[in-house]
Each structure stands twice: as structure tokens, then as C-alpha cells.
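In: let me see the structure of the following:
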Amino acid sequence: MKKKILFITTSRADYGPCKNLISLMQSSKKIIFNLIVSGTHLSKSFGKTVKEIKKDKIKIYQEIDIFKDTNKKGLDDFDVVQNTFKLFKNIFQKINPDFYIIYGDRYEMLPLTYLAYLNRSKIIHINGGEVTFGAIDESIRHSITKFSSYHFVANEANKKRVIQMGEDPSREGLLETPKRVVKAFKEYFKGYKEDPNQILDKTFGDVEGYDDMVIQKNISVQSHCEHHMAPIIGKAHVAYIPKDRVVGLSKLARVVEVFSKRLQTQERLTMQIANTLMESLDAKGVAVTIDSTHQCMTMRGIKKEQASTVTNYYLGQFKDDLSFQNRYLRFISIAKD
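Out: Numbering: from 1, shown residues only. The predicted model follows:
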């Protein structure tokens, strides 16, 4: 039976060096080869370079635009990664390649590698082991190397680095590591599969007219920053002023948990929690404070181990009336300037 091989090109950076390889595989009668064109190849801003591929008379299986902005609000890197997961999931299941060839280290390659791994496709990595100090590409390249079964390197130095990263693949402690990593990532980012509004569906009216603020302090926050996928560790304080009904106390912590288990910025996380509580509970006011450390700046980069970040977001009466803010801040023991 012929082996199925998939190559996904997302930019000139991977198409140029692999053009001859792609042409050879496409002309071979011993394999079933599919080429998918995506990324900057389909962007007008980058010259729509898919035209160059067609000019080379390379047969394209499918064009997939991961930069398409369905919300018309502009894309960030996280949106591109999310689009890549969403748009390519069915592709891997449909083609079901025996081998997936990947060149390089662009950030959109990492979710493609992850999908190939989950599909049980053997990953062939070209140009692993290279070094680009201080750039995100290096971490992505080395991550792809760890997922790959076959390595084609450019020189002896790169070969040595790949071997060093590989350690002893038969060592007991590493045999189940890929499965454990997949399981861990599913737990880290399980918030994407949960709807925080459903958590707040059930409320209670038998509170004998209670209409002052309800505060829950010191809710643990364990998230990951979307820029480096480094942990964000801290605490959240949440308060709301009910109109007629209150929600179970555990639900406040669960809403924090849902939004925390996604790739985040602390500012967005704070606002998402507040806006959801305000809308779902039809509250008179909501206040959210998060105090956390970001390991992207404590373990790397500037390496300021004692630095913490505090964000506040107020809605309704908390925003309009400073007396509510002051009471809230006193309750959570954070002084207001």
C-alpha cells in the first residue's frame, strides 16, 4: 500500500528550500503526496505568494486561510493559532497521512505539529537543531523536534543538538512523556470547552432582600500567557451587587477557573470575568481584581522574581460610586491611592 505524505507550506521561508523536494514527491508514483498552502501565501499583504507555487506548476490539494478574520476585529497571534487548530483538525482526519513533513519553526507550525501527533502521523522535521538566541522561533523549533520521529539537519552541530534534546528515547521516564504532555495541555486549556454563562444559570431568590456586595477573596488563578505560554500564578478577588437574586458561591470560583484555563493576558482575563458576571447575573455592579506573577518575566527575559501585576475592573455601581470601590478595596486589603 502506498504511503500518504502531507506537506503544509505557510510561507516563502519553507516553500523555497523545499520546492525541489515537493516537486519530486509530487511526481513520484510510489507515494500519495498532498500539498496544502496556507499562512502568508494567501495574504495580499505578503504578496499572495500562492501565485508563485501555481507558476511552478505544483499541484495544490487545498488552500486554507488561517489569517481569515471571521470577527472583523483584527487577528492576534493567538487567533491565528486557534484558527489553525480549527481549520486543520478535519484535514488531518480526512487525509490521515502516514507522514507529515515540516520545515522550520514559524509559530503556526506548532499547532500543526500537535495535530499531526494526535493523528498518530509520523513527523519528519527538516532543519531542526538550529539556534536563534532570544527569538521565539528557537523554542518552537525545539518543541517540534521533540514531537518528531525523523530529523533532517543541516550540519553536524545541529545534529548534536537534536541528539542532546532527544536524550535516550528508550529511557523509562520518557516513554509515556508525549501522552502525559497531551493530557496536561488538555487540562491547561480545558476552558475553551466550557461555557461560563451556563455555570451562572442557576440563581437563588430567597435571600430576604440582601442587596449589598457579595465578595469572594483569594480565588486561585492558574493560567498561561498567550505570548510565551508561560504560567500565570496568582489570586482573584470577585465582588458583585445583586439585584434580586444571588448565585451559589462556588460558581464565582468556577467562572474564574473557566477563563483562566485559556491562553490569556491578565487584562483580558480580568475583564472577561467581570463582563460575564455583570451580564449573566444582571448585577447592579461587579468588581474584579487579579494579583499574579507572570513566569514569562520571572523565569526568563528581565527575570524579576518578586514582580507581581495587579489589575482591577469595575462595572455598574463599583465604577460610578467611589465609596463602593473603597469599601471593596478595604475588604480585600488592597489600599487605594
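
In: leaving out the residues flanking it, which one is nearest to residue 100?
Out: residue 116 (4.0 Å; CB to CB, 6 or more residues apart in numbering). In short, each C-beta sits where N, CA and C put it, glycine included.

In: tally of neighbours for that neighbour?
Out: As a burial measure, residue 116 scores 25 neighbours (other CB atoms under 10 Å).

In: what segments of the stretch 51-200 of the chain are helices?
Out: 77-95, 109-118, 136-147, 156-166, 172-175, 177-188, 196-199 (DSSP state H, counting those that start in this stretch).

In: most tightly surrounded among these?
Out: helix 109-118 (a mean of 21; mean count of other CB atoms under 10 Å).

In: what about that one, distance to the chain center?
Out: With CA atoms, centre = their mean, to the nearest Å as the basis, helix 109-118 stands 13 Å off its chain's centre.

In: how about residues contacting it?
Out: By CB atoms under 8 Å, 6 or more residues apart in numbering, the surrounding residues in contact with helix 109-118 are 6, 8, 10, 81, 84-85, 88-89, 92, 97, 100, 102, 123, 140, 143-144, 147-148, 178, 182, 185.

In: one more time with 7 Å, if that's ok
Out: Applying CB atoms under 7 Å, 6 or more residues apart in numbering, the contact partners of helix 109-118 are 8, 81, 84-85, 88-89, 92, 100, 102, 123, 140, 143-144, 147, 178, 182.

In: which residue ranges make up each domain of this protein?
Out: 3-188, 202-331 (automatic domain parsing).

In: any chance of JSON lines for those, columns distance to residue 194 and mean pLDDT?
Out: Formatted as JSON lines, the domains of the chain follow (distance: least, CB to CB, whole Å; pLDDT from 0 to 100):
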{"stretch": "domain 3-188", "distance to residue 194": "12", "mean pLDDT": "86"}
{"stretch": "domain 202-331", "distance to residue 194": "5", "mean pLDDT": "93"}
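
In: which of those domains sits closest to residue 195?
Out: Comparison of the domains of the chain against residue 195 by CB to CB identifies domain 202-331 as nearest, at 7.9 Å.

In: chain neighbours aside, what residue packs nearest to residue 161?
Out: Nearest to residue 161 is residue 129, by CB to CB, 6+ apart, at 4.0 Å.

In: identify the residues contacting the one you found.
Out: Applying CB under 7 Å, 6+ apart, the residues contacting residue 129 are 145, 153, 158, 159, 161, 162.

In: same deal with residue 233?
Out: Contacts of residue 233 (CB under 7 Å, 6+ apart): 221, 222, 292, 293.

In: next one: residue 14
Out: Residue 14 sits in contact with 103, 104, where contact means CB under 7 Å, 6+ apart.

In: using the three-state scheme, assign it.
Out: Classification of residue 14 using DSSP: H, G, I helix; E, B strand; the rest coil returns helix.

In: from residue 23, how far off is it?
Out: 14 Å (CB to CB, to the nearest Å).

In: residue 325 against residue 316, yeah?
Out: No - contact criterion CB atoms under 7 Å: residue 325 and residue 316 do not qualify, at 11.3 Å.

In: return every residue with contacts to both of these two.
Out: Counting by CB under 7 Å, 6+ apart, nothing touches both residue 325 and residue 316.

In: residue 262 - how many residues pack around it?
Out: So residue 262, with other CB under 10 Å, has 20 neighbours.

In: surely it and residue 189 touch.
Out: Yes - contact criterion CB under 7 Å: residue 262 and residue 189 qualify, at 6.1 Å.

In: what sits against the spatially most central residue of the chain?
Out: The residue lying closest to the centre of the chain (CA atoms, centre = their mean) is residue 263, at 4.9 Å. By CB under 7 Å, 6+ apart, residue 263 lies in contact with 78, 189, 224, 226.

In: apply 10 Å and report the result again.
Out: Residue 263 is in contact with 77-78, 81-82, 188-189, 191-192, 223-227, 229, 232, counting by CB atoms under 10 Å, 6 or more residues apart in numbering.

In: looking at those residues, which is nearest residue 199?
Out: Using CB to CB, residue 191 comes nearest to residue 199 of the contacts of residue 263, at 11.2 Å.

In: which of the helices or strands spans residue 235?
Out: strand 231-241 (DSSP states H and E).

In: which SSE is immediately downstream of that strand?
Out: Immediately after strand 231-241, counting by DSSP H and E, sits strand 246-247.

In: what does that next one rub up against?
Out: The contact list for strand 246-247, computed with CB under 10 Å, 6+ apart, reads 199-207, 210-211, 214, 240, 255, 277, 280-281, 283.

In: so of these, which ones are in helices?
Out: 199, 255, 277, 280, 281 (DSSP state H).

In: Throw those into a markdown table and include distance to residue 304, thanks.
Out: What follows is the ones in helices among the contacts of strand 246-247, written out as a markdown table (distance: CB to CB, whole Å):
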| residue | distance to residue 304 |
| --- | --- |
| 199 | 35 |
| 255 | 30 |
| 277 | 32 |
| 280 | 37 |
| 281 | 37 |
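
In: mind giving me the ChimeraX command for buried ones among these?
Out: In ChimeraX syntax, the buried subset of the ones in helices among the contacts of strand 246-247 is picked out as below (16 or more other CB atoms under 10 Å):
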select :199,255,277,280,281
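
In: show the end-to-end separation of stretch 200-216, please.
Out: Stretch 200-216 has an end-to-end distance of 15 Å (CA to CA, to the nearest Å).
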